[in-house]
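Asker: Sequence plus the predicted model coming up.
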Amino acid sequence: MGFFDKLFGKEEKESLNEGLSKTKESFFTKLTKAVAGKSTVDEDVLDNLEEVLVTGDVGVTTTLKIIKRIEARVAADKYVSTDELNNILKEEVAALLTENNSKDATSFEIPKLPPQANGEKTPYVIMVVGVNGVGKTTTIGKLSYQLKKAGYNVVLGAADTFRAAAVEQLTIWSKRVGVDIVSQGMNADPASVAFDTLSSAKAKGADVVIIDTAGRLHNKINLMNELTKIKNVMKKVIPEAPHDVLLVLDASTGQNAIEQCRQFTAATDVTALALTKLDGTAKGGVVIGISDEFKIPVRYIGVGEKMEDLQVFNRTEFVDSLFSKN
């Protein structure tokens, strides 16, 4: 299965449109007010647009970058009507996402890895991090569903052992999706759970391992030490593990999600992002700000409660849904 073998389908597009509807409605309402009574894009319109973007949780730094680009286009073209503003904004945001390593994905695909030195199959290991309450366990469940649907053999590791609910929730998801799980219960050593999960996955010839971890930010040093220990133990089983460190963020928290990203990227090497709960918020602009500030690709977005509502992030489709007036 190639990365572009499955087109971004009608159902996915409808879910994305619906999931971004609150952000879109809020944005266009504010944009309409920003250009009210104006026929051309002048300094007042740009000042108003800046406010629209900042209050839309795009972030100050990213907003200023976008405004600067639009100013340059207005200066070059001499005359830009307010009717053209939306398309210009759409183009500049798309360009920004392209520059920030956000690639157009159309299907759930995991890289096929070369076998181990002893000839054993190498599972692709994803370590999932994020604070409690962002939808981390739910994202793991939905991701395992999508990967299984794509034909992968998935094994989950319940290494968030500081909360009994986390282990229980992941176990429920494993049964619901129909994938294996390795668990030692609450208060077990997270690194030990990760070691056993990778060992079991190798023995079963699994394609993908997803390791859940505890979401505590009250002490960054402890968080760093814990995640480092888990990584080091996993490397004893698969030297290259983890192949991905996926940070799950709740888009509805807006700027708080950006701060969480800052904390976790300082504590560990985050390689990809998942933004959840976009359907319940008008703060979808945070996707743009996070991508721009941290230069980490957004891999998945959550646009609803159904298992199918975890989507691969496709910047072209995302921007189209966000800025399309229809």
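Answerer: The structure has been received and is ready for your questions. Numbers count the residues shown, from 1 in each chain.
Asker: How about the secondary structure of the residue positioned nearest the centre of the chain?
Answerer: The structure's the chain has its C-alpha centroid closest to Ala274; by C-alpha atoms, centre = their mean the separation is 1.8 Å. Judged by DSSP: H, G, I helix; E, B strand; the rest coil, the three-state class of Ala274 is strand.
Asker: And it, what's its pLDDT?
Answerer: As predicted, Ala274 sits at a pLDDT of 95.
Asker: Ok, Phe8 next?
Answerer: Reported pLDDT for Phe8: 60.
Asker: Is Val128 in a helix, a strand, or coil?
Answerer: strand.
Asker: Does the residue nearest to the centre of the chain touch Ile301 like I think?
Answerer: Yes. Counting by C-beta atoms under 8 Å, Ile301 is a contact partner of Ala274 at 7.1 Å. C-betas here are computed from N, CA, C, even on glycine.
Asker: which residues do the two both contact?
Answerer: Leu310 (C-beta atoms under 8 Å, 6 or more residues apart in numbering).
Asker: For the residue nearest to the centre of the chain, give me its contacts.
Answerer: Going by C-beta under 8 Å, 6+ apart, the list of residues near Ala274 reads Thr139, Leu143, Leu246, Leu247, Val248, Leu249, Val298, Arg299, Tyr300, Ile301, Gly302, Leu310.
Asker: Next, work out how far apart it and Ser183 are.
Answerer: Separation of Ala274 from Ser183 (C-beta to C-beta, to the nearest Å): 22 Å.
Asker: so Thr98 is in which element?
Answerer: helix 82-99 (DSSP states H and E).
Asker: quick one: low-confidence ranges for the protein?
Answerer: Within the chain, the segments meeting pLDDT under 70 span 1-8, 101-104, 106, 217-220, 325-326.
Asker: what about the strands in it?
Answerer: Here the chain has its strands, by DSSP state E, at 124-129, 154-158, 180-182, 208-212, 244-250, 272-276, 298-302, 310-312.
Asker: among the ones you listed, which is nearest Glu92?
Answerer: When the strands of the chain are compared by C-beta to C-beta, strand 298-302 sits nearest Glu92, at 17.4 Å.
Asker: what angle sits between the closest one and strand 272-276?
Answerer: Here the directions of strand 298-302 and strand 272-276 differ by 20 degrees (axes from the mean of the first three to the mean of the last three C-alpha atoms, to 10 degrees).
Asker: packing partners for strand 298-302?
Answerer: Here strand 298-302 is seen to pack against helix 136-149, strand 272-276, helix 286-294, strand 310-312 when contacts are counted using 3 or more C-beta pairs under 8 Å, 6 or more residues apart in numbering; DSSP states H and E.
Asker: Give the partner strands of that strand in its sheet and their orientations.
Answerer: Sheet pairing of strand 298-302 (DSSP bridges) gives strand 272-276 (parallel), strand 310-312 (antiparallel).
Asker: Among the ones you listed, single out whichever gets nearest to Cys261.
Answerer: When the strands paired with strand 298-302 are compared by C-beta to C-beta, strand 272-276 sits nearest Cys261, at 7.3 Å.
Asker: Fine by me, thanks again.
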